[in-house]
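In: Build the 3D model from these lines:
(one chain, ligands or ions: 2)
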Amino acid sequence: MATNAIEAIAGERRRVQLAVSGVSKHFGGLCAVEDVSLSVAAGSITSIIGPNGAGKTSLLNMISGVYKPDTGTITLEGRDITRARPSEVAALGVARTFQNIALFGGMTVLDNIMLGRHVRMKSGILSSVIYWGLAQREEVAHRARVEELIEFLQLQDLRKQPTSALAYGLRKRVELGRALALDPKVLLLDEPMGGMNQEEKEDMARYILDVNGAWGTTIILIEHDMAVVMDISDRVAVFDRGRKIADGTPGEVQRDRAVIAAYLGTRQERAEAAE
Ligand SMILES: Nc1ncnc2c1ncn2[C@@H]1O[C@H](COP(=O)(O)OP(=O)(O)O)[C@@H](O)[C@H]1O
Ligand SMILES: [Mg+2]
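Out: Ligands and ions are numbered 1, 2, ... in the order given. Below you'll find the model as predicted:
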């Protein structure tokens, strides 16, 4: 019994892939993120929801190394990445997409996705000159992986198109492809369905589920569409004014009085829950 309990605890610890602990971030007098902790299990889909300005993007920025927290720690598989640079975090297998599309519009779909691969490419210019055969083999392998992703995302017919020529939903999909080109262990998606129509949202939700299913990629998703969030998430963390006010399964979060009061309920339900 005792051994089982210890094993269970050890198993639980092993499963935590990304741990945010007591993290805060201020901008001048504004507290964007306040004492937030979050444990993300390997292979899970965790959604972060909350009103605009709640601190969701700031948290992703701290995980990906863009912002440094004022307090607290962030660990990836037990390794402290609190002060790591974005390139270091990426090299450890954390990829992200941005709330506002950040593609190179003049470049093709293929080249934009290939760019996401560059941290995986070991051969620098010097070694490519000396070991050109090796570098060529590496290039071929990377191209093959990128073509595989293009097929996975059903972008074959568009691979030579400049991304600026694509519809919004497709550009979002190319961004996902670029993040996937890193072969990430952890994928951070900041409103990947923002501005999409219903059909595009459903497509994106399916790609997210397929990525998680096919490669076991851990996913942290910021999303406003509650139907999608409740449908695809293993866990949901709710943010309000810089704080995490709830964290649980979709069912638990939907029943949480604080969440209903702050965010999810109808006006009537919010008033009742706040009493
Ligand atoms: N670089 C920054 N400089 C100043 N204020 C910022 C910066 N980044 C975010 N903020 C502020 O922090 C708060 C949280 O923002 P953000 O994390 O973008 O929220 P969310 O993604 O939940 O909408 C907002 O009030 C925002 O204006
Ligand atoms: Mg945001």
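
In: Just the helices from this structure, written as ranges.
Out: 2-15, 56-63, 86-91, 109-115, 125-130, 132-152, 168-180, 198-215, 226-232, 250-255, 257-259, 267-274 (DSSP state H).

In: So which of those has the densest surroundings on average?
Out: helix 56-63 (a mean of 24; mean count of other C-beta atoms under 10 Å). From N, CA and C alone the C-beta is placed, and that goes for glycine too.

In: Dump that helix to PDB, keeping only the CA atoms.
Out: Provided in PDB are the C-alpha atoms of helix 56-63 (Å, rounded to 0.1, in the frame of the first residue of the first chain):
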ATOM      1  CA  LYS A  56      -2.400  34.800 -20.500                       C
ATOM      2  CA  THR A  57       0.100  36.000 -23.200                       C
ATOM      3  CA  SER A  58       2.500  37.300 -20.600                       C
ATOM      4  CA  LEU A  59       2.600  33.800 -19.000                       C
ATOM      5  CA  LEU A  60       3.400  32.200 -22.400                       C
ATOM      6  CA  ASN A  61       6.000  34.900 -22.900                       C
ATOM      7  CA  MET A  62       7.700  33.900 -19.700                       C
ATOM      8  CA  ILE A  63       7.600  30.200 -20.500                       C
END
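
In: Output the contacting helices and strands for it.
Out: strand 16-27, strand 30-41, strand 45-49, strand 186-190, strand 218-222 (3 or more C-beta pairs under 8 Å, 6 or more residues apart in numbering; DSSP states H and E).

In: outside of it, which residues touch it?
Out: 18, 20, 23, 25, 32-33, 36, 38, 48-50, 67-69, 74, 81, 89, 94, 96, 99, 188, 190, 220, 222, 239 (C-beta atoms under 8 Å, 6 or more residues apart in numbering).

In: right, so of the helices of the chain, which gets closest to ligand 1?
Out: helix 56-63 (3.2 Å; C-beta to the nearest ligand atom).

In: thinking again about what came up before, just the buried subset of the contacts of helix 56-63, please.
Out: 18, 20, 23, 25, 32-33, 36, 38, 48-50, 67, 69, 74, 81, 89, 94, 96, 188, 190, 220, 222, 239 (16 or more other C-beta atoms under 10 Å).

In: mind checking pLDDT for Met1?
Out: According to the prediction, Met1 has pLDDT 45.

In: in the protein, which residue is closest to the centre?
Out: Leu188 (1.0 Å; C-alpha atoms, centre = their mean).

In: can you pull the contacts of the closest residue to that one other than its chain neighbours?
Out: Spatial nearest neighbour of Leu188, chain neighbours left out: Arg96 (3.9 Å); criterion: C-beta to C-beta, 6 or more residues apart in numbering. Listed by C-beta under 8 Å, 6+ apart, the contact set of Arg96 reads 60, 64, 179, 187-190.

In: separation between Arg96 and Phe239?
Out: Applying C-beta to C-beta, to the nearest Å, the value for Arg96 to Phe239 is 17 Å.
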